[in-house]
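Predicted model and sequence follow; I will ask about them next.
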Amino acid sequence: MSTSTNDNPSNTLIPGAYSPLKIQTFRFFWLASLGSNIGTWINAVASGWVMTDLSPSPVMVSLVQAAASLPMVLFALVAGALTDIVDRRRYLLATQIWMAFAAATLAFLSGIDQLDAWYLLILTFAMGIGASMATPAMNVTGLELVPRNLLPQAVALSSLSMNLSRSIGPAIGGLMLSQLGPWAAYSLNAISFIGMILMLWHWKPQPDERSLPPERFFQALRAGLRYARMASPFRAVLIRATAFIVFTISAWALLPLIARNELAGGPATYGFLLTFVGIGAVGAVISLPRLQTHVSRDRLVLVASIVYALTTVALATIRSEAVLYGVMLISGAAWVTVLSSLQVAAQISVPTWVRGRALSLYIMVISAGMALGSLLWGWFASEAGIPAALVVSAAGAVAAALAARGFSLGAQEAPDLAPSDHWAPHPPAAEELDRRRGPVLVTIEYEVALDQRVAFLDAMQPLGALRRRDGAFAWSIFEDITVPGRYVELFQHDSWLDHLRQHTRVTREDQRVQENALSFHTGSKPPKVTHFVGGAPVTLTDSSVAASP
């Protein structure tokens, strides 16, 4: 789905840190997101603390975090597929209204003193459903509101929005809990969705001018999973994210009990602990661009993971509230350094056509780690105590970070994943072709010098991975036994329409890989490309289902 960048038609903004905010649509979107994120953190503080009132069990308290995270595991992939194929504006409006209604219900039940532990978990789960359905679309929409040269700055500003809200929301939530009660905190969260609803209501994106029909839901879902499996940089992001989140979530899940039981504090204590996490996170977001020019993303993630583990040990052993505020500053900086580095790596490693599905898979992995880790460390704390759970999880975090460091997040510079449009047009077909007809077999013939055959085959392997990643269900390359050095590459698609889609998915980075393989071709003419299509020909009565090849 394409979105408008008409606020900057020349795309000539100087790429400063805050340049995306000069684009009116992005600025309104960013401010509305900031308000909504503040409300989300107010809600999180309220729910975590209210559960300590309703049930002192570490398992029940950790279930609040699990109930918020589990919907991301269940619905994120669905949301990612929908993000790439539906009217995103209407879709996002529906998710925002759903979450506003769930927040208003929490406020109402709290106001009439009818909110029990299970109502709290059910409505937290309902809020999580809305967030899981909205998050991939929100991430993709924000990035599409700016030109490509401002993409890193837009990602950084989105991270800044989340972390500003992390420093503001908990403090407001803690104060509202202590002064007015949970109903006021939940009410403010419900109100916080109004800005985004109004922004989406008045936003007029440009219509999508694609020549091909959108993918069907399950087809889109399968394409996203296939891309994630075949794209090694994105796969590395998922592995590093899992290694980090499963162990480090212990501090988040148990923090309400630490504030209440270990520090003998009230809701304001809990809110201020989270506020200092947010302040540290904001400081890290501001410092990261400069830091990343000197330190690789892989090293940043490793070092920050170990630092975060050390702050978890400090949280388990220190009982001075003032000292812990300083610890939480460092904790927030380390936390956001890891997650911001992983998020940027995820964003730049996938092209636009699959970005919603890829980011939804990233969100699903993070949320699965949060849900399972929260339950694991909640159970461990109930059996062995909170300090023991924190120390063991910290040791696990260090071990996981060291074990996962071999999975590289890629180069600092983003690969050029813009569409290349370099594939030659199809040869004219002898008759009109139904796009639904298939399967399709494409063959490409190469002539290679005998002493270059091994190098040629090595160059073809990454090209074959690209073919499969972008939609081919089979790929092979064969040598003619009667003419050594004559090779035939073949790949297959389910239908002619699927092959047409592959043409739109080829990026400039893919073009570089293909040109490397073509450099071994020694023939006087370009490699011969032939298209074969299976199935019986049909008489076309509706020109809308036909496509000239």
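Okay, I see it.

Going by C-alpha atoms from here, please, whenever you check contacts or count neighbours.
Noted.

Confirm for me that residue 238 is in contact with residue 365.
Yes: with contact defined as C-alpha atoms under 8 Å, residue 238 counts as touching residue 365 (6.7 Å).

how about the residue nearest the centre of the chain, what does it touch?
Of all residues in the chain, the one closest to the mean position by C-alpha atoms, centre = their mean is residue 359, 2.7 Å from it. Residue 359 makes contact with 80, 136, 139, 346-347, according to C-alpha atoms under 8 Å, 6 or more residues apart in numbering.

Okay, and it sits in which element?
helix 355-384 (DSSP states H and E).

next one: that helix to chain centre, how far?
14 Å (C-alpha atoms, centre = their mean, to the nearest Å).

Just the buried residues of that helix, please?
355-381 (16 or more other C-alpha atoms under 10 Å).

Out of the contacts of residue 359, which end up buried?
The buried subset of the contacts of residue 359 - by 16+ other C-alpha under 10 Å - is 80, 136, 139, 346-347.

between those, which is nearest residue 66?
Taking C-alpha to C-alpha as the measure, residue 136 is the one of those closest to residue 66, at 19.4 Å.

How many neighbouring residues does residue 516 have?
When neighbours are defined as other C-alpha atoms under 10 Å, residue 516 has 15 of them.

so where's the stretch 101-250 of the chain shaky on pLDDT?
Across the stretch 101-250 of the chain, residues meeting the criterion (pLDDT under 70) sit at 148-149, 151-152, 163, 206-221, 231.

let's see it at 50
Across the stretch 101-250 of the chain, nothing is flagged by pLDDT under 50.

The chain too?
1-14, 540-549.

Need the phi and psi values for residue 146.
With angles defined as degrees, to the nearest 10, residue 146 sits at phi -130, psi 160.

How much space separates it from residue 272?
35 Å (C-alpha to C-alpha, to the nearest Å).

What of residue 174?
On the measure of C-alpha to C-alpha, residue 174 and residue 272 end up 7 Å apart.

The stretch 201-350 of the chain: helices as residue ranges?
217-230, 232-257, 267-291, 297-317, 321-348 (DSSP state H, counting those that start in this stretch).

Can you lay out those as JSON lines showing distance to residue 28?
Shown next, in JSON lines, are these (distance: least, C-alpha to C-alpha, whole Å):
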{"stretch": "helix 217-230", "distance to residue 28": "30"}
{"stretch": "helix 232-257", "distance to residue 28": "30"}
{"stretch": "helix 267-291", "distance to residue 28": "21"}
{"stretch": "helix 297-317", "distance to residue 28": "30"}
{"stretch": "helix 321-348", "distance to residue 28": "22"}
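
before we move on, back to that, tell me the one among the buried ones among the contacts of residue 359 nearest to residue 113.
Using C-alpha to C-alpha, residue 136 comes nearest to residue 113 of these, at 35.0 Å.

neighbour-wise, which of residue 174 and residue 272 wins?
Per other C-alpha under 10 Å, whichever of residue 174 and residue 272 has more neighbours is residue 174, with 28 against 24.

so who does that one touch?
42, 45-46, 267-272.

in the strand or helix carrying it, what counts as buried?
Remark: residue 174 resides in helix 151-179, with elements defined by DSSP H and E. Applying a neighbour-count criterion of 16+ other C-alpha under 10 Å, one finds 151-177 buried in helix 151-179.

Can you tell me, leaving aside adjacent residues, what's nearest to residue 227?
Leaving out its chain neighbours, the residue that sits closest to residue 227 by C-alpha to C-alpha, 6 or more residues apart in numbering is residue 469, at 4.9 Å.

List the buried residues for whichever strand or helix holds residue 200?
Using DSSP H and E, residue 200 maps to helix 194-202. Buried positions in helix 194-202, judged by neighbour count with 16+ other C-alpha under 10 Å: 194-197, 199-200.

Could you identify the pair within these that is furthest apart?
Top of the distance list for the buried residues of helix 194-202 (C-alpha to C-alpha): 194 and 200, 9.9 Å.

So residue 491 sits against residue 471, correct?
No: counting by C-alpha under 8 Å, residue 471 is not a contact partner of residue 491; they are 9.7 Å apart.

When these two are compared, which one has more neighbours?
residue 471 (23 against 19).

which element is the residue nearest to the more buried one when sequence neighbours are not counted on?
Nearest non-adjacent residue to residue 471, counting by C-alpha to C-alpha, 6+ apart: residue 502, 6.2 Å away. Following DSSP H and E, one finds residue 502 within helix 496-505.

what's the offset of that helix from the middle of its chain?
25 Å.

for that helix, packing partners?
Using 3 or more C-alpha pairs under 8 Å, 6 or more residues apart in numbering; DSSP states H and E, no helix or strand is in contact with helix 496-505.

Give me the next element, helix or strand, following it.
helix 508-518.

Quick check: buried residues in that next one?
Within helix 508-518, the residues that qualify as buried are 508, 510-511, 513-514, 517-518, counting by 16+ other C-alpha under 10 Å.

partners of whatever helix or strand comes next after that helix in the sheet?
Using DSSP H and E, the helix or strand that follows helix 508-518 towards the C-terminus is strand 528-533. Applying DSSP bridges to the sheet, strand 528-533 is found paired with strand 440-447 (antiparallel).

Tell me the spacing between the closest residue to residue 278 other than its chain neighbours and residue 184.
Using C-alpha to C-alpha, 6+ apart and skipping the chain neighbours, the partner closest in space to residue 278 is residue 167 (3.7 Å). Counting by C-alpha to C-alpha, the gap from residue 167 to residue 184 is 19 Å.

just residue 258 next, same as before
24 Å.

quick one: the helix holding residue 174 to helix 267-291, angle?
With axes from the mean of the first three to the mean of the last three C-alpha atoms, to 10 degrees defining the directions, helix 151-179 sits at 170 degrees from helix 267-291.

Just give me how far helix 151-179 sits from the chain centre.
19 Å.

try stretch 279-289
Centroid separation for stretch 279-289 versus its chain: 20 Å, with C-alpha atoms, centre = their mean.

Just the buried residues of it, please?
For stretch 279-289, the neighbour count (16+ other C-alpha under 10 Å) marks 279-285, 288 as buried.

Of all the residues in the strand or helix carrying residue 390, which ones are buried?
According to DSSP H and E, residue 390 maps onto helix 386-404. By neighbour count on 16+ other C-alpha under 10 Å, the buried set for helix 386-404 is 386-398, 400-401, 404.

swap in stretch 445-464?
Quick answer for stretch 445-464 (16+ other C-alpha under 10 Å): 445-448, 453, 456-457, 459-461, 463-464.

what about the closest residue to residue 444 other than its chain neighbours, neighbour count?
In this structure, residue 444 finds its nearest non-sequential neighbour in residue 529, 4.5 Å apart by C-alpha to C-alpha, 6+ apart. Residues within reach of residue 529, counting by other C-alpha under 10 Å, total 16.

how's the chain carved up into domains?
As assigned by automatic domain parsing, the chain contains the domains 22-204+214-404, 433-547.

what's the nearest residue to residue 488 if we skip its chain neighbours?
The shortest distance from residue 488 to any residue other than its chain neighbours is 4.5 Å, reached at residue 445 (C-alpha to C-alpha, 6+ apart).

How about residue 439?
Using C-alpha to C-alpha, 6+ apart, the closest residue to residue 439 is residue 494 (4.5 Å).

likewise residue 402?
Closest to residue 402 by C-alpha to C-alpha, 6+ apart is residue 302, at 7.2 Å.

burial measure for the one you found, as a count.
Quick note: residue 302 (other C-alpha under 10 Å) scores 19 neighbours.
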